[in-house]
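K.L.:
next input, structure requested:
(one chain, ligands or ions: 1)
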Amino acid sequence: MPLNLSTKAKITWCPGCPNSQILVAFRQAIESLVADGSLKIENLVAGAGIGCHGKISDYLNVNTFTALHGRVIPAMTGIKCANPHLTVIGMSGDGDSYSEGLEHLIAAARRNSDIKLFIHDNQVFALTTGQASAMSPKGFKSKTTPAGTTEEPFDAFAVLLSAGATFVARTYAGDIAGTKRVIEAAIRHKGFSFTEIIQPCITFFDTRDYFKERVFWRDGDTSEKSAAGSTSDSPATNPDEAIKLSRKDGEKIPLGIFYNVEKPTFEEQLINNQQPK
Ligand code: SF4
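P.N.:
Got it, this is the predicted structure:
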C-alpha cells in the first residue's frame, strides 16, 4: 500500500510560513527511509513541543504526540527507553528547547540518547505573537522587550558539542532538498542527533532575505547531492573542529553536517547495566 503521510487536519500556519517547507522535507525523508527499508513506518514516533512548529504533529500521518512546553526531549527519552525498537524523532523550536527546556537538550547530548531532535529556529516566540527568545539578536524589540533585548543569543552548537553530542547539523527551511537530505542522515544516525533548521517567521520576524543572502552549504550544491542521495559532508573528526565548522564565517552562515560519530547510546548502556554480571 502506498505511504500516505498527509492528514485531514487543516494547515493553520500563516500562508507562506517556512514550516510548510519543513513538513514537505520531513514527508520526503520519511518516504525515502521507508522505501529503502531503513525505517518501518509503524515503528516511527514523532513528537513535538509547544510553538508554531508543534502543529507539525497534526500534519504527519504517523504515531505522534505533543509534549508540554520545553518537554519534548524527556518524553522522547522515556519512549525510547520503554521500547528501544522504536525510531523516535522530535520537533521543537528555539522558544521550546533553547528557552524553556534547555536543560533537557544538554542532558540528551550528554547521555547520547538514541533520539533525533529537529529545532525549528525562527529566533522568536511566534505562537504567542512575537516575544524575544534565547535566539533573538541583541537589541531585538518586542512586546516584552520594548527597549530591545540586552542578551546575545547563545551558540547552541558549542554548548551541545561540549556536552557530548554525536551528530550536529544545520539546514535552511527554504532549501527543501537539502533539508530532506540532512533529516534523512539525522534519522539514520545511531545516538542523539541534533539538527537546527533555520525557519524564518514571516509574520513576527521576517528574516528570509537576511538568511537567503548568507546561508551556504559547506559541501557545495546540495540539490544535486540530494538527488544522488549523497551524505558526503566531510564532518569534523573532533568536537572542537566541529564547533569551528558550525560558526558563522564573517557574514556567511554554514549549513551541513558538522559532526557525526558513533558512541554507545544511553539505552544500550541501560540494558547492559541490567545484565547479570
Ligand atoms: Fe509561521 Fe510565524 Fe506564522 Fe508561526 S507566526 S505560522 S512561525 S509565520
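K.L.:
how far away from the center of its chain is stretch 41-61?
P.N.:
12 Å (CA atoms, centre = their mean, to the nearest Å).
K.L.:
give me the buried positions along that stretch.
P.N.:
Buried residues in stretch 41-61, defined by neighbour count with 16 or more other CB atoms under 10 Å: 44-61. C-beta here means a position set from N, CA and C on the backbone, and glycine is covered the same way.
K.L.:
and the ligand, which of the residues you listed reach it?
P.N.:
Contacts with the ligand within the buried residues of stretch 41-61, counted by CB under 6 Å from any ligand atom: residue 52.
K.L.:
which of the buried residues of stretch 41-61 fall in strands?
P.N.:
Using DSSP state E, the members of those that fall within strands are 44-48.
K.L.:
list of residues touching the helix or strand where residue 253 lies?
P.N.:
Element membership of residue 253, judged by DSSP states H and E, is strand 253-260. Contacting residues not belonging to strand 253-260 are listed as 157, 161, 165-172, 175, 178, 182, 185, 189, 198, 211, 214-219, 222, 231, 233, 235-236, 239, 242, 245-248 [CB atoms under 8 Å, 6 or more residues apart in numbering].
K.L.:
list the buried residues of whichever helix or strand comes after it.
P.N.:
For strand 253-260, the succeeding helix or strand toward the C-terminus, using DSSP H and E, is helix 266-274. Buried residues in helix 266-274, counted by 16+ other CB under 10 Å: 266-267.
K.L.:
so in the protein, which helix runs the longest?
P.N.:
helix 19-35 (DSSP state H).
K.L.:
and that helix, which residues are buried?
P.N.:
For helix 19-35, a neighbour-count test (16+ other CB under 10 Å) marks 19-23, 25-33 as buried.
K.L.:
could you pick out which of the residues you listed are near the ligand?
P.N.:
Among the buried residues of helix 19-35, proximity to the ligand is found for residue 19 (CB under 6 Å from any ligand atom).
K.L.:
how about the residues of the stretch 51-200 of the chain that lie near the ligand?
P.N.:
Residues of the stretch 51-200 of the chain lying close to the ligand by CB under 6 Å from any ligand atom are 52, 122, 126.
K.L.:
repeat the analysis, applying 8 Å as the threshold.
P.N.:
Selection of the stretch 51-200 of the chain residues close to the ligand by CB under 8 Å from any ligand atom yields 51-53, 55, 120, 122, 124, 126-127, 129-130, 199-200.
K.L.:
need the residues you listed in JSON lines with distance to residue 254 and pLDDT, can you?
P.N.:
Shown next, in JSON lines, are those (distance: CB to CB, whole Å; pLDDT from 0 to 100):
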{"residue": "51", "distance to residue 254": "25", "pLDDT": "96"}
{"residue": "52", "distance to residue 254": "25", "pLDDT": "97"}
{"residue": "53", "distance to residue 254": "22", "pLDDT": "97"}
{"residue": "55", "distance to residue 254": "29", "pLDDT": "97"}
{"residue": "120", "distance to residue 254": "19", "pLDDT": "98"}
{"residue": "122", "distance to residue 254": "19", "pLDDT": "97"}
{"residue": "124", "distance to residue 254": "22", "pLDDT": "95"}
{"residue": "126", "distance to residue 254": "24", "pLDDT": "96"}
{"residue": "127", "distance to residue 254": "28", "pLDDT": "96"}
{"residue": "129", "distance to residue 254": "31", "pLDDT": "95"}
{"residue": "130", "distance to residue 254": "28", "pLDDT": "95"}
{"residue": "199", "distance to residue 254": "17", "pLDDT": "98"}
{"residue": "200", "distance to residue 254": "17", "pLDDT": "98"}
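K.L.:
for residue 173, see how far away the closest residue to residue 153 other than its chain neighbours is.
P.N.:
Nearest non-adjacent residue to residue 153, counting by CB to CB, 6 or more residues apart in numbering: residue 135, 4.6 Å away. Note on residue 135: its distance to residue 173, by CB to CB, to the nearest Å, is 15 Å.
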